[in-house]
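A.B. asks: whatever this is, show me its structure:
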Amino acid sequence: MINVDLAVFAHNEQDRIARTLADLSSQTIFSHEDFSTRLFVLANGCSDDTVAVTRSELSKFENPGVAVVHDLKEGGKSRTWNRFVHEISQEDADILVFIDADIGLPDRSAIKNIVDFLICRKDIVATSSLPLKDIEFYPQDLSLVEKAIANGSKTSGHDLTTAICGQLYAMRSEAARAIKLPIGLPVEDGFIRHAIITSLFSRPEDESLIAQSPEATHVYPSERSIAALLKHQTRIVIGSAVNAALFRYFIRLHRQEGRQRVLNELSASANSPRWLPEKLRKLLPDSRFGWVPWPWLFSRTAAFLKGGPYTVRRTSIAILGFGMDCIVFVNSQFKMARGTGAGHW
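C.D. replies: Numbers count the residues shown, from 1 in each chain. Now for the predicted structure:
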């Protein structure tokens with residue numbers, strides 16, 4: 001029997017969490033004889049009816065005893081992640097699954113697929129589901145802007161096979177419990193990924209410790225306007241800049257003072273909301289990169305163009321994408337310089 005604890009992260013999701021929980025209630029992992037599966041809905045810092053909606057939906061589960069909602073007064077995904085991993089999840093849990101409260105799971109075996117993959121791949125410690133935009137997955141009439149956004153994922157240049165997709169991923173419990181996240185991280189999944197592939201910043205990167213399940217997918221709500229897309233991309237870039245500064249700090253700290261010092265700092269960062277902004281004031285701007293690492297500005301376009309061939313359409317998309325990246329880059333630099341970066345999300 002494999003013990004699996006699922007965590008649903010919900011902050012003011014009264015309008016979308018019902019669908020996610022309805023999809024979860026039909027997941028085959030709850031009825032499979034090889035698994036003992038428990039569901040924890042982590043309503044954090046909510047000022048709407050997320051908790052009430054959640055309780056109503058959980059009562060509809062075939063076995064309501066497997067699910068519980070926690071009404072956490074303090075918000076923040078990294079803070080809530082720490083509480084789930086180190087306080088709420090059961091000690092006997094073998095695998096922890098992390099789920100955003102606004103995704104759809106049209107495949108009833110999605111959670112079982114991601115867990116099965118992690119069990120079978122003894123060489124990895126984490127795996128993610130493949131994210132699909134709702135405007136691509138569900139048949140619908142799209143505006144010109146929505147079509148452009150739908151096609152935008154093809155220019156990302158990111159290798160998702162070794163990524164942690166924060167919307168839905170699974171980790172071995174012992175690996176998760178070795179990590180503590182700084183409170184206030186704008187992009188926590190990137191921090192988790194780097195902590196995994198560097199063994200808490202103590203070794204060279206080993207991307208083979210993460211792999212993507214070929215059969216696990218989920219649907220997430222896409223941005224539908226240019227303004228919303230720019231805001232989202234700015235958050236991602238600011239989060240990446242924050243993470244890059246922290247990676248350099250922890251790697252240098254391990255090299256100079258050892259693993260225990262790193263563990264002590266991670267514990268401090270997870271216990272104090274002041275740790276991150278105070279640390280960033282010392283670390284940024286970096287003498288080499290400024291507030292935001294400038295190589296990011298060219299990485300997506302370069303990766304996209306490597307795919308060739310250089311048709312008029314591909315070149316036009318690359319130019320448009322680079323223009324968007326420039327706007328996001330300048331906006332991110334401006335926000336970081338004003339001191340609003342760490343709390344942007």
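
A.B. asks: please make it C-alpha for all contacts and neighbour counts, starting now.
C.D. replies: OK.

A.B. asks: which residue ranges of the stretch 1-150 of the chain form helices?
C.D. replies: For the stretch 1-150 of the chain, applying DSSP state H, counting those that start in this stretch gives helices covering 17-25, 50-58, 77-83, 110-120, 134-137, 144-152.

A.B. asks: between the ones you listed, which one is closest to Val68.
C.D. replies: Of all the helices of the stretch 1-150 of the chain, the one in closest proximity to Val68, counting by Cα to Cα, is helix 50-58 (7.6 Å).

A.B. asks: mean confidence for that closest one?
C.D. replies: In this model, helix 50-58 carries a mean pLDDT of 97.

A.B. asks: mind listing what's buried along it?
C.D. replies: Buried residues in helix 50-58, counted by 16 or more other Cα atoms under 10 Å: Thr50, Val51, Val53, Thr54, Arg55, Glu57, Leu58.

A.B. asks: could those be laid out in JSON lines, adding distance to Ile99?
C.D. replies: What follows is the buried residues of helix 50-58, written out as JSON lines (distance: Cα to Cα, whole Å):
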{"residue": "Thr50", "distance to Ile99": "15"}
{"residue": "Val51", "distance to Ile99": "16"}
{"residue": "Val53", "distance to Ile99": "17"}
{"residue": "Thr54", "distance to Ile99": "14"}
{"residue": "Arg55", "distance to Ile99": "17"}
{"residue": "Glu57", "distance to Ile99": "16"}
{"residue": "Leu58", "distance to Ile99": "16"}
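
A.B. asks: follow-up on the earlier one: the helices of the stretch 1-150 of the chain: which one's closest to Tyr249?
C.D. replies: For those, proximity to Tyr249 was assessed by Cα to Cα; helix 77-83 is nearest, at 18.7 Å.

A.B. asks: what does the closest one contact?
C.D. replies: Outside helix 77-83, the residues that touch it by Cα atoms under 8 Å, 6 or more residues apart in numbering are Phe9, Leu42, Asn44, Lys180, Leu181, Pro182, Ile183, Gly184, Leu185, Glu188, Ala270.

A.B. asks: swap the cut-off to 10 Å and go again
C.D. replies: Residues from elsewhere that reach helix 77-83 (Cα atoms under 10 Å, 6 or more residues apart in numbering): 7, 9-11, 42-45, 72, 74, 84, 86-89, 98, 100, 176-177, 179-189, 269-273.

A.B. asks: what do you get for stretch 112-121?
C.D. replies: 2, 4, 27-30, 32, 35, 94-97, 107, 109-111, 124-129, 168-172, 209-217.

A.B. asks: among the residues you listed, name the buried ones.
C.D. replies: Listed as buried from these are 4, 27, 29-30, 94-97, 107, 109-111, 124-129, 168-172, 209-213, 216-217; burial here means 16+ other Cα under 10 Å.

A.B. asks: and Val198, what does it touch?
C.D. replies: Small correction: residue 198 is Thr, not Val. With contacts defined as Cα under 10 Å, 6+ apart, the neighbours of Thr198 are Pro204, Glu205, Asp206, Glu207, Leu209, Phe247, Ile251.

A.B. asks: from those, which single one is nearest Pro309?
C.D. replies: For the contacts of Thr198, the minimum distance to Pro309 (Cα to Cα) is 28.3 Å, reached by Glu207.

A.B. asks: let me know the pLDDT of the closest one.
C.D. replies: Looking at Glu207, its pLDDT stands at 96.
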